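Engineer: model the following, please.
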Amino acid sequence: MVLDEDNRLTRDFVNRVLQAVEDGDNHEAYRLVEPLHEADIADLFELTPSDERGPLAIALGDVMGAEVLAEMNDYVREDIVDALPASVVAAFAEQLETDDAVAIIEDMEEDDQRAVLAELDPEDRAAIEDALSYAEESAGRIMQRDLVAVPEHMSVGQLIDYLRDHHDLTTEFWEIFVVNPQHHPVGTCRLSWILRNPRSTPVSEIMQTEQTLIPVDMDQEEVALRFQKYALISAAVVDGNGRLVGVITVDDIVHIIQEEADEDILRLSGAGEGDINEPLRESYSARVRWLIANLGTAMVASFIIAQFGAAIQTLVALAVLMPIVASIGGNAGTQTLAVTVRALATNQLTQSNTARTIWREVRIAVLTGFTVAILAGLGAGLFYSNWILAAVISGAILFNILIAAFSGVAIPVFLDRLDQDPAVSSSIFVTMITDSMGFLIFLGLAVASGLVG
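Structural biologist: Down below sits the predicted model:
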């Protein structure tokens with residue numbers, strides 16, 4: 001069996017392929033892998049240990065094509081590309097759409113990039129160099145240059161003849177862009193409209209003039225939001241002068257949405273790229289700096305506890321219950337933080353509704369705070385037979401959840417207003433606030449209530 005019930009390559013199949021390569025039986029490895037889809041072959045390379053990927057690529061021969069490279073995880077693809085001659089990488093790049101070719105070349109070392117570009121056909125080289133001139137994760141990087149653009153004076157019949165007669169046109173497209181003499185997009189025509197209208201119909205009569213134009217320097221996350229908001233299949237990309245320079249299609253956006261969502265979640269945790277194929281040094285560097293920052297913020301909470309050392313010594317129950325207050329506040333803050341970061345990422349949270357969103361989260365915090373506080377107070381009161389202690393922990397939990405809700409919205413919004421990524425460091429600050437304030441409120445109430453001297 002090649003695939004399991006979850007459509008993943010089985011361990012037995014992977015082992016059979018790798019064993020064939022190890023035994024030098026490249027024919028058997030080729031026979032096993034050749035029927036697979038390009039995405040499954042890419043998965044095979046990701047499941048293969050790093051030092052065995054090179055021999056596997058050699059064994060597979062022409063099965064190891066450009067489409068397989070395009071489907072690969074970035075880190076795995078880098079391993080393969082680094083092991084291939086520049087001429088082979090160039091041959092792969094020429095077989096792909098510009099955006100996929102750029103994805104292969106952009107992460108290479110500068111010398112390797114130049115070597116690959118030198119092997120390319122002049123036209124392909126110019127297109128890829130143009131794409132590389134735009135900022136990473138911009139519309140210019142991810143757009144395709146191959147599109148169909150026609151003047152608005154054409155008729156449907158002339159357009160069909162044009163598509164049939166010009167064999168150098170791209171073969172995969174969903175709509176045709178209509179441009180004026182300055183090459184500014186003035187409308188779009190879906191293929192279904194062209195096929196269902198008489199040949200004599202002017203294109204200008206059936207084209208849709210309302211369209212979503214993507215500036216070439218727009219961030220890819222904003223591009224994805226445009227596609228989602230307006231339910232786009234494809235969209236024209238224009239330069240600073242409004243000229244049509246490329247097209248972005250929904251299949252590219254699906255990958256971007258997944259990448260951006262994964263990126264935000266991983267940044268919230270401080271886990272860096274979070275890819276199991278990421279080099280050990282990069283994973284270490286990404287994680288350790290946030291753990292060190294967390295160590296610093298944890299010391300703030302420890303300092304607060306130290307100020308109430310005598311009180312804790314007189315009533316051991318305080319030491320037992322303190323982690324509950326901090327934990328409940330931390331979880332409440334994480335819930336609010338996750339909702340806020342997502343709302344910022346999807347443009348649901350803007351300056352016009354920030355105050356309303358904070359008020360909403362505070363109301364939710366009041367409801368959840370009272371519920372959890374009452375349960376915790378009843379439990380502490382019954383266990384310790386001390387209803388003053390029960391009231392103290394109830395009050396501390398309620399106030400800490402309120403603080404967590406406010407900080408869970410305010411901190412990422414504040415960072416966003418400073419043009420900083422709210423997903424990167426918000427959790428560190430929210431955790432510090434909920435821990436520190438939780439301990440301070442709990443121990444402060446204990447002293448103020450006369451529970452301890």
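
Engineer: for residue 360, grab the count of nearby residues.
Structural biologist: Taking other CB atoms under 10 Å as the neighbour definition, residue 360 ends up with a count of 14. C-beta: built from backbone N, CA, C; applies to glycine.

Engineer: now it: phi and psi?
Structural biologist: Main-chain torsions, residue 360, degrees, to the nearest 10: phi -60, psi -50.

Engineer: which residues sit against stretch 202-214?
Structural biologist: Applying CB atoms under 8 Å, 6 or more residues apart in numbering, the contact partners of stretch 202-214 are 139, 143, 150, 152-156, 159, 178, 185-190, 193-194, 197, 223, 226, 230, 232, 235-238, 242, 248.

Engineer: any of those buried? List them.
Structural biologist: When neighbours are counted using 16 or more other CB atoms under 10 Å, those contain these buried positions: 139, 143, 150, 154-156, 159, 178, 185-190, 193-194, 197, 223, 226, 232, 235-238, 248.

Engineer: out of those, name the ones that lie in helices.
Structural biologist: Using DSSP state H, the members of the buried ones among the contacts of stretch 202-214 that fall in helices are 139, 156, 159, 193, 194, 223, 226.

Engineer: residue contacts, the second one?
Structural biologist: Meaning residue 156. When contacts are taken as CB under 8 Å, 6+ apart, residue 156 is in contact with 194, 197, 198, 199, 200, 201, 202, 203, 206.

Engineer: neighbour-wise, which one of the residues you listed leads?
Structural biologist: For those, neighbours were counted using other CB under 10 Å, and residue 203 has the most, 22 neighbours in all.

Engineer: leaving out the residues flanking it, which one is nearest to it?
Structural biologist: Of all residues beyond its chain neighbours, the one nearest residue 203 is residue 154 (4.8 Å), with distances taken as CB to CB, 6 or more residues apart in numbering.

Engineer: surely that neighbour meets residue 162?
Structural biologist: Yes - assessed by CB atoms under 8 Å, residue 154 is found in contact with residue 162 at 7.2 Å.

Engineer: that older thread, can you put the contacts of residue 156 in CSV and add pLDDT and distance to residue 254?
Structural biologist: Compiled in CSV, the contacts of residue 156 are given as follows (pLDDT from 0 to 100; distance: CB to CB, whole Å):
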residue, pLDDT, distance to residue 254
194, 90, 26
197, 92, 31
198, 93, 36
199, 92, 36
200, 92, 38
201, 92, 34
202, 91, 35
203, 91, 30
206, 91, 29
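
Engineer: now the strands for this protein?
Structural biologist: With DSSP state E as the criterion, the chain has strands at 149-151, 175-179, 185-190, 214-215, 234-238, 244-249.

Engineer: among those strands, which is nearest residue 450?
Structural biologist: Of all the strands of the chain, strand 214-215 sits nearest to residue 450, with 64.9 Å by CB to CB.

Engineer: my read is that residue 245 contacts residue 185, right?
Structural biologist: No - checked against CB under 8 Å, the pair residue 245 and residue 185 is beyond contact range at 10.1 Å.

Engineer: which neighbours do those two share?
Structural biologist: Shared contacts of residue 245 and residue 185 (CB under 8 Å, 6+ apart): residue 238.

Engineer: report how many residues lie close to residue 348.
Structural biologist: In terms of burial, residue 348 registers 13 neighbours under the definition other CB under 10 Å.

Engineer: quick check: closest non-adjacent residue to it.
Structural biologist: Take residue 348 and drop its neighbours on the chain: the residue closest to it by CB to CB, 6+ apart is residue 342, 7.8 Å away.

Engineer: and that neighbour, how many residues sit next to it?
Structural biologist: Residues contacting residue 342 under the criterion other CB under 10 Å number 17.

Engineer: measure it to residue 360 for me?
Structural biologist: Using CB to CB, to the nearest Å, one gets 14 Å for the distance from residue 342 to residue 360.

Engineer: repeat that for residue 15.
Structural biologist: Taking CB to CB as the measure, residue 15 falls 53 Å from residue 360.

Engineer: and for residue 301?
Structural biologist: Between residue 301 and residue 360 the computed distance is 28 Å (CB to CB).

Engineer: and what of residue 384?
Structural biologist: Using CB to CB, one obtains 36 Å as the distance from residue 384 to residue 360.

Engineer: same question for residue 219.
Structural biologist: When distance is defined by CB to CB, residue 219 is 28 Å away from residue 360.

Engineer: again with residue 403
Structural biologist: If you measure residue 403 against residue 360 using CB to CB, the figure is 16 Å.

Engineer: show me where the stretch 351-453 of the chain dips below the pLDDT cut-off.
Structural biologist: 423-425, 453 (pLDDT under 70).

Engineer: switch the cut-off to 90
Structural biologist: Counting by pLDDT under 90, the stretch 351-453 of the chain has low-confidence residues at 351-366, 369-370, 376, 379-381, 383-386, 389, 404-440, 442-453.

Engineer: residue ranges for the helices of it, please.
Structural biologist: Applying DSSP state H, counting those that start in this stretch to the stretch 351-453 of the chain gives helices spanning 354-384, 387-417, 422-448.
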